[in-house]
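Trainee: Starting from these lines, generate the structure:
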Amino acid sequence: MKYFIDTSEQSEIDKWKDFVVGVTSNPALLYKVGITTSEFLNNNMSLFKNVFIQINSLQDIMNYRKNKTIFKVPLLITPEFNGYALLKQLIKDGRRACATIVYDIGQFNYACEVGSEFSVVLFAKNDNEFIVDECCDLKQRKGYETKVVAASFRSADDVFECINDGADYATIPPRIMEEVFSNKKVVNDYNEFYGENK
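Mentor: Residues are numbered from 1 along each chain as shown. Model (predicted):
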């Protein structure tokens with residue numbers, strides 16, 4: 001399983017750039033650090049082949065590069081917004097697309113059927129603790145090419161479970177990245193061994 005860093009903090013992105021294959025953000029994270037979507041893209045396009053931003057309409061995409069930007073679309077329907085139709089249109093237009101806020105197998109199946117490159121499947125927030133495993137199983141059985149991106153983690157153990165479930169990617173905030181790559185037993189063994197052999 002490969003990783004995307006989930007933050008708009010450039011110092012954190014730079015810190016983890018050698019551990020990840022992309023970066024993802026959303027309007028709330030951009031607002032939190034006070035940068036625009038364009039600034040976020042400009043900061044990271046030279047670092048990664050996969051840079052995700054969330055959009056809510058086709059008008060949002062006009063100024064962004066076609067080959068690198070991956071457009072995240074929430075799979076929901078409201079009186080003002082139809083994420084299913086927007087995702088399908090992006091793919092029809094040859095854009096890189098990612099279904100997000102995916103809670104159930106029906107949403108994931110739709111993303112696969114329309115040819116979404118990625119699908120962000122929520123894990124820890126989900127009432128179905130087997131959702132990532134079920135999506136990976138459906139993908140394998142049907143031969144879908146959509147990549148399963150596990151998301152929503154409370155601890156490193158959640159991430160490790162999604163590795164075992166067969167997720168292709170995980171999108172992880174810096175705090176969880178620290179947990180995943182900071183096994184205290186390894187640190188203790190290293191200090192014990194090298195402390196005795198210096």
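Trainee: So, low pLDDT: which residues of this protein?
Mentor: Per-residue confidence of the chain (counting by pLDDT under 70) places the weak regions at 63, 65-67, 187-188, 190, 195-198.
Trainee: which stretches of it form strands?
Mentor: Listed from the start of the chain, the chain has strands (DSSP state E) covering 2-6, 22-24, 50-54, 69-74, 96-102, 118-122, 147-151, 169-172.
Trainee: Could you export those as a markdown table, including distance to residue 193 and mean neighbour count?
Mentor: C-beta coordinates here come from the backbone N, C-alpha and C atoms, glycine included. Below are the strands of the chain laid out as a markdown table (distance: least, CB to CB, whole Å; neighbours: other CB atoms under 10 Å):
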| stretch | distance to residue 193 | mean neighbour count |
| --- | --- | --- |
| strand 2-6 | 28 | 22 |
| strand 22-24 | 35 | 26 |
| strand 50-54 | 37 | 22 |
| strand 69-74 | 43 | 22 |
| strand 96-102 | 43 | 25 |
| strand 118-122 | 40 | 26 |
| strand 147-151 | 34 | 26 |
| strand 169-172 | 29 | 26 |
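Trainee: As CSV, those strands with distance to residue 14 would be great.
Mentor: Formatted as CSV, the entries for the strands of the chain read as follows, by distance: least, CB to CB, whole Å:
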stretch, distance to residue 14
strand 2-6, 10
strand 22-24, 10
strand 50-54, 14
strand 69-74, 20
strand 96-102, 23
strand 118-122, 23
strand 147-151, 22
strand 169-172, 16
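Trainee: For residue 34, find the nearest of those.
Mentor: Shortest distance between residue 34 and these, using CB to CB, is found for strand 50-54: 16.1 Å.
Trainee: Give the partner strands of the closest one in its sheet and their orientations.
Mentor: strand 22-24 (parallel), strand 69-74 (parallel) (DSSP bridges).
Trainee: chain center to the shortest one: distance?
Mentor: From the chain centre to the centre of strand 22-24 is a distance of 7 Å (CA atoms, centre = their mean, to the nearest Å).
Trainee: Likewise for the longest one?
Mentor: Centroid separation between strand 69-74 and its chain, computed with CA atoms, centre = their mean, is 10 Å.
Trainee: As a markdown table, the strands paired with strand 50-54 with distance to residue 171 would be great.
Mentor: What follows is the strands paired with strand 50-54, written out as a markdown table (distance: least, CB to CB, whole Å):
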| stretch | distance to residue 171 |
| --- | --- |
| strand 22-24 | 5 |
| strand 69-74 | 10 |
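Trainee: Which one of those lies nearest to residue 163?
Mentor: strand 22-24 (17.3 Å).
Trainee: Return the distance of the closest residue to residue 142 other than its chain neighbours relative to residue 144.
Mentor: Using CB to CB, 6 or more residues apart in numbering and skipping residues adjacent in sequence, the residue nearest residue 142 is residue 112, 7.0 Å away. Residue 112 sits 4 Å away from residue 144, taking CB to CB, to the nearest Å as the criterion.
Trainee: so what sits against both of these two?
Mentor: Both residue 112 and residue 144 are in contact with residue 138, where contact means CB atoms under 8 Å, 6 or more residues apart in numbering.
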